[in-house]
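Colleague: Quick check, what structure comes out for this input:
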Amino acid sequence: MVERTTEENKKFQRGVALFNAREYFEAHEVWEELWLPASGDERAFLQGLIQVAAAFHHYGRGNVLGMRSLLAAGLTKLDGLADVHWGIDVTKLREDAREWVGREDQAHGWPQIRWAGSAGSRTAERGD
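Modeller: Okay, the predicted model is just below:
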């Protein structure tokens, strides 16, 4: 288990909140601050999240091909990780992202990052 500082946990949670508010570019920026010094699985995890967020930013700007490309790259990173990482339900995020790979519209709503083990009340500070 990687030890994270309170500040890192707060930044991560802020990124999740931004993502869930469909502020994908801003989520990407927050997570990038954590990604730059990271290594190993932490780096892959954060890069996967960043790519997924960037994908939905592209989709919101009408760039479906960019969305698909970045979702595929992000899923490649997230596929190699545990089902729960940094307190989030990675399995659900992967499933939701895969639904979007072939999608042309947002008929089923935008994806949300969910905290593992509850409907959203768990904090990332517990780690995994």
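
Colleague: Which other helices and strands does the longest helix belonging to the chain contact?
Modeller: Across the chain, the longest stretch assigned as helix under DSSP state H is helix 40-60. In terms of contacts (3 or more Cβ pairs under 8 Å, 6 or more residues apart in numbering; DSSP states H and E), helix 40-60 is packed against helix 6-20, helix 24-35, helix 64-79, helix 90-101. Placement of C-beta: from N, CA and C, glycine included.

Colleague: Okay, angle between it and helix 6-20 too, please.
Modeller: 30 degrees (axes from the mean of the first three to the mean of the last three Cα atoms, to 10 degrees).

Colleague: which parts of helix 40-60 are buried?
Modeller: Buried residues in helix 40-60, defined by neighbour count with 16 or more other Cβ atoms under 10 Å: 42, 44-59.

Colleague: Likewise for stretch 28-42?
Modeller: Taking 16+ other Cβ under 10 Å as the criterion, stretch 28-42 shows 28, 30-32, 34-35, 38, 42 as buried.

Colleague: If we ignore the residues flanking it in sequence, what's nearest Met67?
Modeller: Once flanking residues are discounted, Met67 sits nearest to Tyr59: 4.0 Å by Cβ to Cβ, 6 or more residues apart in numbering.

Colleague: Just give the closest residue to Arg68, not the sequence neighbours.
Modeller: Nearest to Arg68 is Val101, by Cβ to Cβ, 6+ apart, at 5.7 Å.

Colleague: Over to Ile113?
Modeller: In space, Ile113 is closest to Val16, 5.0 Å off (Cβ to Cβ, 6+ apart).

Colleague: What distance do you get for the one you found to Ile50?
Modeller: According to Cβ to Cβ, to the nearest Å, Val16 and Ile50 sit 13 Å apart.
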